[in-house]
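**Student:** return atomic coordinates for the entry below.
(one chain, ligands or ions: 1)
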Amino acid sequence: MPKNSTADRGAVRINRLHWERQAAGYERRVGRFLSGRKAMAWGLWRLPESTFQFLGPVRDRAVLEIGCGAARWLVGLQSLGARPVGLDLSRRRLEQARTEMHGGRRRFPLLEADAGRLPLRDASFDIVFCDWGALTFADPALTIPEAARVLRPGGRLVFATSSPWRVVAHDPRRDRITRTLQRDYFDLHRVDYTTEVNFVLPYGEWIRLFRAHGLSVDRLHEVRAPARATSPYLSKSERAWGRRWPLENIWQLTKLLAAGRPGRKPRTTRVRRGRPTTGRA
Ligand SMILES: C[S@@+](CC[C@H](N)C(=O)[O-])C[C@H]1O[C@@H](n2cnc3c(N)ncnc32)[C@H](O)[C@@H]1O
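**Tutor:** This next block holds a predicted model:
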């Protein structure tokens, strides 16, 4: 990815349409898999946050999820004392989030916006995260600077997304993950599928982008498919693939205080700006 380049070119519009159309079907297909014990869990195999602790302590922390979908993560985090804000591009997905909130008798702001242009103040969150959310679907050349901007120094960015391995092994003609290389690694950035656009970078490019925006890498978890688990996102052969190569990665980053200085211990901050479009009682 050349420095400062973006490959957005209509991706936001394409993905908004995709998610508006597929909101109900997605919920039918995976809603239960993302609920209950698996609400506060990561990725294709729902790795529990209580075990992995990617987010760290959440009590009294201002937490933003970019691409929150039905916001099940945030309903759970609020019950642990966090002060959540959910943001998503799709109005229908935010309607689903309102249903989840009210079912759990919870109230927090939900914003309808593109994560590449956050309508939020600088340094207003302790934690920004997503679980195959906006950092999968929007250009990281736009979303990483925005996530870094709204994080206060010492704050944490965590996201689960596709691994570059999965993308280079994917055969677009057969829509299948293969055991051969199908795509150039060095050119990874925008990936167009039939009705949606994803983004993924080579590892070195991710790290260059993080560092350029004052984010240091604390942890990169390359997820290995569990031996016996199943996932509605994957076929049996894809699961077997995921036993041998990582299908997904979970990145945990800290916003530095200044060039090269790790942040202080998290302190709480208040969210004052933004456009709460739904969700307020
Ligand atoms: C696979 S879902 C993940 C959401 C949640 N973790 C879940 O599983 O329900 C991806 C979400 O990202 C949202 N999204 C895609 N592009 C976005 C963007 N540019 N800004 C904000 N949200 C976006 C979609 O509308 C969708 O709700």
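
**Student:** host element of the residue nearest to G31 when sequence neighbours are not counted?
**Tutor:** Across the structure, with CB to CB, 6 or more residues apart in numbering as the measure, the residue nearest G31 apart from its sequence neighbours is A70 (7.1 Å). Bear in mind the C-beta positions are built from the backbone N, C-alpha and C, glycine included. In this structure, A70 is located outside every helix and strand according to DSSP states H and E.

**Student:** how about the strands of the stretch 101-250 of the chain, start to end?
**Tutor:** Taking DSSP state E, counting those that start in this stretch to define them, one finds strands in the stretch 101-250 of the chain at 110-112, 125-131, 151-162, 170-171, 176-177, 190-192, 197-199, 215-223, 248-255.

**Student:** mind checking which of those is nearest the ligand?
**Tutor:** The closest of the strands of the stretch 101-250 of the chain to the ligand is strand 125-131. By CB to the nearest ligand atom, the value is 4.1 Å.

**Student:** can I get the closest one as CSV, trimmed to CA atoms?
**Tutor:** Written as CSV, here are the backbone C-alpha positions of strand 125-131 (Å, rounded to 0.1, in the frame of the first residue of the first chain):
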residue,chain,number,x,y,z
PHE,A,125,-12.2,6.8,24.3
ASP,A,126,-10.2,4.4,26.4
ILE,A,127,-10.9,1.4,24.2
VAL,A,128,-11.8,1.2,20.5
PHE,A,129,-12.5,-2.3,19.1
CYS,A,130,-14.3,-4.4,16.6
ASP,A,131,-14.8,-8.0,15.9
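
**Student:** contacts for that strand?
**Tutor:** Contacting residues not belonging to strand 125-131 are listed as 42-43, 54-56, 58, 61-68, 73, 82, 85, 115, 136, 147, 150-152, 155-160, 266-269, 271 [CB atoms under 8 Å, 6 or more residues apart in numbering].

**Student:** also near the ligand: which of these, exactly?
**Tutor:** Among the contacts of strand 125-131, the residues within reach of the ligand (CB under 6 Å from any ligand atom) are 66-67, 115.

**Student:** out of the residues you listed, who's the most crowded?
**Tutor:** Each of these was scored for neighbours by other CB atoms under 10 Å, and I66 scores highest at 30 neighbours.

**Student:** about what we covered before: looking at the strands of the stretch 101-250 of the chain, which is nearest to S35?
**Tutor:** Ranking the strands of the stretch 101-250 of the chain by proximity to S35 (CB to CB) places strand 125-131 first, at 13.4 Å.

**Student:** list the contacts for the residue lying closest to L142 once chain neighbours are set aside?
**Tutor:** By the measure of CB to CB, 6+ apart, the closest residue to L142 outside its immediate chain neighbours is G116, 3.5 Å from it. Taking CB under 8 Å, 6+ apart, we find G116 in contact with 8, 12, 134, 138-139, 142-143, 146.
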